[in-house]
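S.K.: Based on what follows, work out the 3D shape:
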Amino acid sequence: MQLDDRGMPEGWPMHADWELSPARVRQMLDADQDITLLDCRLQKEKDIAAIDGAVFIPMQELPGRVDELDDYLDRKVVVFCHAGARSLKVAQFLRERGFEDVWSMAGGIDLWSLSVDPSVPRY
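M.R.: Numbering: from 1, shown residues only. Here you go, the predicted model:
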């Protein structure tokens, strides 16, 4: 797969103020930057494919469980879902609640599998 200078497939739309590419997230993890991955998918999706070390709170449960993320208020939080739509909504929800450094992973775990870690199953 050919990636552009953002670490995204050529022509892939991306919201620069809201999203980070999977390649950029991998770089930050490899550099031991203080980031938290938040998986907002359903349990059945997580059972198929996961990223080690991610905090798991399904989007539907987040309003009642947001206090579980209080320890991450001052950290970079990168939210991911399957393809990136739900994680954008969760990032917005968290920013509205005081999380200043929260991002959505563009393309979600599907693009992670395609461009970063092919050992993660696609679905």
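S.K.: correct me, but Gln2 touches Glu10?
M.R.: Yes. Taking contacts as Cβ atoms under 8 Å, Gln2 lies within contact range of Glu10: 5.7 Å. C-betas here are computed from N, CA, C, even on glycine.
S.K.: Common neighbours of the two, please.
M.R.: Counting by Cβ atoms under 8 Å, 6 or more residues apart in numbering, Gln2 and Glu10 have no contacts in common.
S.K.: Quick check: longest helix in this protein by residues?
M.R.: Counting residues, the longest helix found in the chain (DSSP state H) is helix 85-96.
S.K.: Show the average pLDDT along stretch 69-88.
M.R.: Averaged across stretch 69-88, pLDDT comes to 96.
S.K.: nope, stretch 107-123 is what I was after
M.R.: Computed over stretch 107-123, the mean pLDDT rounds to 95.
S.K.: Moving C-terminal from the longest helix of the chain, which element do we reach first?
M.R.: Going down the chain from helix 85-96, the next helix or strand is strand 102-105, by DSSP states H and E.
S.K.: Contacts only, for Met105.
M.R.: Shown in contact with Met105 (Cβ under 8 Å, 6+ apart): 19-22, 25, 37, 78-80, 84, 87, 111-112.
S.K.: Now do the helices in the chain.
M.R.: Using DSSP H, the helices of the chain run over residues 22-30, 43-48, 62-65, 85-96, 108-115.
S.K.: Make JSON lines out of the ones you listed and add mean neighbour count and distance to Phe56.
M.R.: Below are the helices of the chain laid out as JSON lines (neighbours: other Cβ atoms under 10 Å; distance: least, Cβ to Cβ, whole Å):
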{"stretch": "helix 22-30", "mean neighbour count": "17", "distance to Phe56": "16"}
{"stretch": "helix 43-48", "mean neighbour count": "12", "distance to Phe56": "6"}
{"stretch": "helix 62-65", "mean neighbour count": "12", "distance to Phe56": "10"}
{"stretch": "helix 85-96", "mean neighbour count": "18", "distance to Phe56": "12"}
{"stretch": "helix 108-115", "mean neighbour count": "22", "distance to Phe56": "12"}
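S.K.: Done for today, thanks.
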